[in-house]
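Chemist: any chance you can model this:
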Amino acid sequence: MVGSENGTTMTFANKIQKQLIANKKKVFVAYLNQYQEFPKAKHLLIFTSTYGQGDAPANAQKFESLLKRYPQKQNIQFSVVGFGSKKYKKFCGFAEKVDTLLGSQPQFFRFVDIFMINNRSVEEFGKWEKSWSKKTGITI
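Modeler: Residues are numbered from 1 along each chain as shown. Modelled structure (predicted):
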């Protein structure tokens, strides 16, 4: 799921989607505002930017209320990747909030610790890819 104010974060999510499909995995990409019950989900990848001073991007502002409204019936692993700029006091603040919210739900289990990427760094994103790939056994 994606929270992206200007589309850059969605670009990273689409890259991972293509790589997972190439690995014959079933993948669904949607904005955080489209969160609902996902009866077949096993793993939830959240890629989100932070807008302003720790706020949700426009297409993720409803996530918290939707998370409460649609509890998942099965256990789901989750991983959060935050995008932001260290120039701001609340660097990746919304990603941290999402990570905390999911971690407080009984049916969600943190797969890897939150990973924060400064200034759309491809190198930092590559570090996350390697870490996640190593743990999943899926080469991306």
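
Chemist: for Phe47, grab phi and psi.
Modeler: phi -110, psi 120 (degrees, to the nearest 10).

Chemist: and it, how far from Gln36?
Modeler: 18 Å (C-beta to C-beta, to the nearest Å). In this view, the C-beta of every residue, glycine as well, is placed from N, C-alpha and C.

Chemist: can you pull out the helices in this structure?
Modeler: According to DSSP state H, the chain carries its helices in the segments 8-22, 63-69, 93-103, 122-136.

Chemist: so in this protein, which strand runs the longest?
Modeler: strand 76-84 (DSSP state E).

Chemist: distance between it and the chain's centre?
Modeler: Averaging C-alpha positions (C-alpha atoms, centre = their mean, to the nearest Å) puts strand 76-84 3 Å from its chain's average.

Chemist: relative orientation of that strand and helix 122-136 in degrees?
Modeler: On the basis of axes from the mean of the first three to the mean of the last three C-alpha atoms, to 10 degrees, strand 76-84 is oriented at 170 degrees to helix 122-136.

Chemist: pick the most buried one from the helices of the chain.
Modeler: Most buried of these by mean neighbour count (mean count of other C-beta atoms under 10 Å) is helix 93-103; its value is a mean of 20.

Chemist: done for today, thanks.
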